[in-house]
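**Q** pasting the sequence and the predicted coordinates here, then a few questions.
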Amino acid sequence: MPNSAPILRYRVETSRTFPGMKSVVDIFSGLPGKIGPLVNDCMSGGEAESMAATMNAKDLEERRRALRDR
C-alpha cells in the first residue's frame, strides 16, 4: 500500500539572512512563509518548529476543506 501521508507545505531551514537562526520556508516558493505581514525568519529552532507545525496544520485544514467543498 503506498504511503498516503500529505505533503507538508512548510519546513524549517537555516535562515539565509540571519546567521545561526532558522526560517519557516514554503516548499513551493522557497521563500520564508508569512502570516499576515510577518515573515517567518530569524527564529530559534524551537520557535521555527512550533510555527511550522502550526502553519502546516492550518494549510492541511484549508486543503481538506477545499476538497470537501468541491
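**A** Yes, it's here. What you see is a predicted model; the values in this text were computed from it and never measured.

**Q** quick check: pLDDT value at the residue lying closest to residue 56 once chain neighbours are set aside.
**A** The spatial neighbour of residue 56 that comes closest, neighbours along the chain excluded (CB to CB, 6 or more residues apart in numbering), is residue 8 at 4.6 Å. In this view, the C-beta of every residue, glycine as well, is placed from N, C-alpha and C. Reading off the confidence values, residue 8 has pLDDT 96.

**Q** try residue 35
**A** Value for residue 35, per-residue pLDDT: 88.

**Q** got phi/psi on it?
**A** The phi and psi torsions at residue 35 (degrees, to the nearest 10) take the values phi -120, psi 110.

**Q** hmm, it is touching residue 55, no?
**A** Yes: contact between residue 35 and residue 55 holds when scored by CB atoms under 8 Å: they sit 7.1 Å apart.

**Q** so which of these two has more stuff around it?
**A** A direct count of neighbours by other CB atoms under 10 Å for residue 35 and residue 55 places residue 55 higher, at 20 against 12.

**Q** that one: what's it in contact with?
**A** Remark: with contacts taken as CB atoms under 8 Å, 6 or more residues apart in numbering, residue 55 is in contact with 9, 10, 24, 33, 35, 40.

**Q** how close does the residue nearest in space to the middle of the chain sit to residue 44?
**A** Note on the chain: the residue nearest the mean C-alpha position is residue 10, at 2.3 Å, using CA atoms, centre = their mean. Here residue 10 is placed at a distance of 16 Å from residue 44 (CB to CB, to the nearest Å).
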